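[1] Show me how the following folds:
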Amino acid sequence: MKQKWTIIIIATLVVCLLIATLVSTGRAKDAGQVPQGEGESHPETDAPVETPTEAPSETPTEESTEAPKPSVPALDYTEYTGNAHPGTGIAYKGSGENAHKVIVIDAGHQLHAMSETEPKGPGADEQKPMVSGGTQGSVTGLAEYELNLRVALALRDVLVGKGYTVVMVRETNEVEISNAERAKLANEVGACVNLRIHANGDADASVKGAMTVCQTPQNPYNAEIYEQCRRLSDEVLEAFCRGTGIAQRSVWETDTMTGTNWASVPTTILEMGFMTNAEDEAIMAAEDFAAKAADAIAAGIEAYLAQAPESEGGYEINYEREAELGESFTEVYMTMEATATVWVRTEPSTQGGEDTKMHNIAMYEGKRVICIGLGQNWNRVLIDGHVYYISAAYLREVEE
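    Numbers count the residues shown, from 1 in each chain. Next up is the predicted model:
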C-alpha cells in the first residue's frame, strides 16, 4: 500500500513539474526572451504569429513610432523610355520624396474633334461639344494639338526626372477622349496638379500673350477648390512667362470650361500664347520652345506645391486620433462616389459636432473622391491633399 502511494506522489510531482515548465516557457515567449523560430500558432486564436527579424527593443525609437508616409498610388504603370505611347491615361511611377505626388498633364485637343455633346458639369443641363478642333498658326500652319503635345511630352520628361508620378492624358494625337473624361481621369488618380496645356487664337491678330484659366469662387461644381486652382494658375502663369519671354496677360476666371467644371482636383488651363499673333507664334514654333516651356511650367508647379501640404511629405493621417475614436482602417487607393448629399468631416466621428463638419466641401450623389482607407463606420478620403472622413454608408465603390 505504501509503495502504491509513493508511486502516486512521484507521478503527481512529475506532472506539476511539467506544468510549471510549460507555463514558464509560455511567459518567456510572451516577453520575447526565447529564440525566434518559424511562425507558430497562437493558443487562443490558432492564427499564425508573425516572427520579427529582430527582437523588439524595450524603448520604442522615434523611427518606430513615426506614422508611415503615403505610398505611391496603385496605378497601372508604363516603363519610362522617353518614347510616346498610344492610348490615354499613361502613368509613370515616381521615385524618392516626390513619388506620391501625382501630376496629370493634359495636352489639349487631339487630331479629330468630337462634335458630340456632354454636360458642361456634373448634373448640368447645358451641353457642350466634347472636344473642339483648336486653333493653328497663322504663319506656319502649326496645329494647336501638335504644339500642345510637344510641350506636354517635354514637361513629362522634366517631371519624371524630378521623381514625380506623372499621368499623361495622351502622348499621341490619335486619341478620342472628351474634356469631361480628361477631368475624370485626373480625379480618379488623385492628382495634386491637373495641368491642361493649350494655345489661344483670336480674330484680331494683334492680340498676344499667355494666360491661365480657372473657375470662379461661385462655381456650382467645385467652388471648394477655387483657392487651390487660383494659386496654381498664378504660379504657372508667372513662371511660364518668365521662362519663355511671352507677355503675361492675367488669370481668367470662368465657369464655362467643361474640363475645369468636372475636376475635383487642383486644375488650371495654360493658354501659352496666341497662334494668330505673329510674335507669339514665332516663339512657340521655335525648335527650343518646348524645352523652355517645360522647365518654366515645372518651376510654376513646384512653386505651387511648395505652399501645399503635399510638399511636407504628403497628406498626414492622425492615426492616434483614429485609434482614440475606435476606428481602424484598411489602407486602399480607390475611387468611390457619394450616394447622397453629405458633409465631410475632419475626424471619423460625430463627437465633434459642427466643429468637425466641412460645410464648404459639398458631396452630392455621384460625386467622386479618392478613398485611402476603408473603416468599419467611416471611410478615409483624400481631397486636395487633405485627409477627411465620410460615413461609409454614403460612399460606394465606382464600378467602371
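
[2] The protein: helices as residue ranges?
    Here the chain has its helices, by DSSP state H, at 2-30, 62-65, 144-161, 179-188, 226-244, 258-261, 278-285, 289-305, 319-324.

[3] same for the last one, what does it pack against?
    Right, helix 319-324. Packing contacts for helix 319-324, counted by 3 or more C-beta pairs under 8 Å, 6 or more residues apart in numbering; DSSP states H and E, involve no helix or strand. The way it works is simple: take the backbone N, C-alpha and C, and place the C-beta from them, glycine included.

[4] Low-confidence bits of the protein, can you list those?
    1-72, 74, 308-315, 384-385, 400 (pLDDT under 70).

[5] What about the closest residue to M284 other than its chain neighbours, how many residues nearby?
    Leaving aside its chain neighbours, M284 sits nearest to G273 (5.4 Å; criterion: C-beta to C-beta, 6 or more residues apart in numbering). Neighbour count for G273, taken as other C-beta atoms under 10 Å: 28.

[6] So G273 sits against K208, correct?
    Yes. Assessed by C-beta atoms under 8 Å, G273 is found in contact with K208 at 6.6 Å.

[7] list the contacts for the residue nearest to M284?
    When contacts are counted by C-beta atoms under 8 Å, 6 or more residues apart in numbering, G273 is found next to 199-200, 208-210, 246, 280-281, 283-284.

[8] From one end of stretch 199-217 to the other, what's the distance?
    One end of stretch 199-217 sits 24 Å from the other (C-alpha to C-alpha, to the nearest Å).

[9] Show me which positions of it end up buried.
    Judged by neighbour count using 16 or more other C-beta atoms under 10 Å, the buried positions of stretch 199-217 are 199-201, 208-215.

[10] do stretch 100-120 as well
    By 16+ other C-beta under 10 Å, the buried positions in stretch 100-120 come out as 100-110, 114, 118-120.

[11] Equivalent analysis for stretch 369-388, please.
    By 16+ other C-beta under 10 Å, the buried positions in stretch 369-388 come out as 369-375, 378-388.

[12] now stretch 77-88
    By neighbour count with 16+ other C-beta under 10 Å, stretch 77-88 contains the buried residues 78, 88.

[13] Would you work out how far apart the start and end of that stretch are?
    Using C-alpha to C-alpha, one end of stretch 77-88 lies 12 Å from the other.

[14] Now do the residue nearest to W262 when sequence neighbours are not counted: how many residues are near it, please.
    The shortest distance from W262 to any non-neighbouring residue, by C-beta to C-beta, 6+ apart, is to A183 (3.6 Å). Counted with other C-beta under 10 Å, residues neighbouring A183 total 29.

[15] List the contacts of A183.
    By C-beta under 8 Å, 6+ apart, the neighbours of A183 are 194, 258-263, 267.

[16] And for G123?
    Contacts of G123 (C-beta under 8 Å, 6+ apart): 364, 366.

[17] From N377, how far off is Q136?
    From Q136 across to N377, the span is 55 Å (C-beta to C-beta, to the nearest Å).

[18] er, G121 actually
    Going from G121 to N377 by C-beta to C-beta gives 32 Å.

[19] just I390 next, same as before
    Distance from I390 to N377, counting by C-beta to C-beta: 11 Å.

[20] Then T81?
    To N377, T81 is 46 Å away according to C-beta to C-beta.

[21] Over to V151?
    Distance, V151 to N377, by C-beta to C-beta: 46 Å.

[22] re the thing from before, could you dump the helices of the chain into JSON lines and include distance to T88?
    As requested, the helices of the chain are exported to JSON lines (distance: least, C-beta to C-beta, whole Å):
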{"stretch": "helix 2-30", "distance to T88": "55"}
{"stretch": "helix 62-65", "distance to T88": "41"}
{"stretch": "helix 144-161", "distance to T88": "13"}
{"stretch": "helix 179-188", "distance to T88": "7"}
{"stretch": "helix 226-244", "distance to T88": "22"}
{"stretch": "helix 258-261", "distance to T88": "14"}
{"stretch": "helix 278-285", "distance to T88": "24"}
{"stretch": "helix 289-305", "distance to T88": "20"}
{"stretch": "helix 319-324", "distance to T88": "36"}
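
[23] Relative to G87, tell me which of those helices wins on proximity.
    Smallest distance to G87 across these (C-beta to C-beta): 11.6 Å, for helix 179-188.

[24] Domain parsing of this protein, as residue ranges.
    Using automatic domain parsing, the domains assigned to the chain come out as 2-47, 88-312, 319-397.

[25] and I197, how many neighbours?
    Neighbours of I197 (other C-beta under 10 Å): 26.

[26] V342 and Y388 touch, don't they?
    No. Counting by C-beta under 8 Å, V342 stays clear of Y388, with 11.2 Å between them.

[27] Now T135. Nearest residue, chain neighbours left out?
    Once flanking residues are discounted, T135 sits nearest to G201: 3.2 Å by C-beta to C-beta, 6+ apart.

[28] Could you check how far that neighbour is from H109?
    Taken as C-beta to C-beta, the span from G201 to H109 is 12 Å.

[29] cool, E302 as well?
    Distance from E302 to H109, counting by C-beta to C-beta: 26 Å.

[30] So what's the gap between stretch 320-333 and the chain middle?
    Centre-to-centre, stretch 320-333 and its host chain are 20 Å apart (C-alpha atoms, centre = their mean, to the nearest Å).

[31] scratch that, stretch 188-195 is what I was asking about
    The chain centre lies 5 Å from the centre of stretch 188-195; the measure is C-alpha atoms, centre = their mean.

[32] go on, stretch 146-160?
    Relative to its chain's centre, stretch 146-160 lies at 20 Å (C-alpha atoms, centre = their mean).

[33] Please save the CA atoms from it in CSV.
    C-alpha atoms of stretch 146-160 as CSV (Å, rounded to 0.1, in the frame of the first residue of the first chain):
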residue,chain,number,x,y,z
GLU,A,146,0.5,69.3,-82.1
LEU,A,147,2.1,72.2,-80.3
ASN,A,148,0.3,71.2,-77.1
LEU,A,149,1.6,67.7,-77.3
ARG,A,150,5.2,68.9,-77.9
VAL,A,151,5.1,70.8,-74.7
ALA,A,152,3.3,68.1,-72.8
LEU,A,153,5.9,65.5,-73.7
ALA,A,154,8.8,67.8,-72.7
LEU,A,155,7.1,68.6,-69.4
ARG,A,156,6.6,64.8,-68.8
ASP,A,157,10.3,64.3,-69.2
VAL,A,158,11.2,67.1,-66.8
LEU,A,159,8.8,65.9,-64.1
VAL,A,160,9.7,62.3,-64.3
